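In: Okay, structure incoming, though there's no sequence with it:
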């Protein structure tokens, strides 16, 4: 990001683990006594903590990956459409699926489980 380190980003969040996929989370919790669930939850937690969406003053940065890093930067000026999809469960837990379109019919950026979608939409539009 071109912002100085002292400047606070407009939005910076990791996806939510439970709120994103509550069924999968509950299944993993049920499998904890067998041992499989704890491994599943740890791997899932690490993947969530290694995914970060940041909206700054000039661009959007999505960074994800544990061993192999993927970084996607999109200039705010080139964003054509912002779409946030929320299921009923997503609305209860205040999260959603972010889709950012720059050109064409397919989204350039898709990230599930992003918290506070209205604040995210506002950060991308101001």
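Out: Yep, that arrived. Since the structure is predicted, the reported quantities are computational estimates derived from the model, not experimental observations.

In: In this structure, where's the longest helix?
Out: Scanning the chain for the longest helix, with DSSP state H as the assignment, gives helix 36-49.

In: moving C-terminal of that helix, what's the next helix or strand?
Out: Next helix or strand after helix 36-49 toward the C-terminus (DSSP states H and E): strand 52-55.

In: can you list contacts of that following strand?
Out: With contact meaning CB atoms under 8 Å, 6 or more residues apart in numbering, strand 52-55 is reached by 1, 9-15, 60-64, 76, 98, 111, 114, 120, 123-124. C-beta coordinates here come from the backbone N, C-alpha and C atoms, glycine included.

In: Next: stretch 16-26.
Out: So stretch 16-26 is contacted by 41, 44-45, 48, 89-90, 93-95, 112-115 (CB under 8 Å, 6+ apart).

In: run the last query once more with 6 Å
Out: Stretch 16-26 has contacts (CB atoms under 6 Å, 6 or more residues apart in numbering) with 48, 93, 95, 112, 113, 115.

In: Report pLDDT for residue 59.
Out: The score at residue 59 is 93. That number is its pLDDT.

In: what number of residues lie near it?
Out: Per other CB atoms under 10 Å, the neighbour tally for residue 59 reads 17.

In: related to what we said a few turns ago, okay if I get the contacts of stretch 16-26 as a markdown table plus distance to residue 21?
Out: Shown next, in a markdown table, are those (distance: CB to CB, whole Å):
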| residue | distance to residue 21 |
| --- | --- |
| 48 | 11 |
| 93 | 10 |
| 95 | 10 |
| 112 | 8 |
| 113 | 7 |
| 115 | 14 |
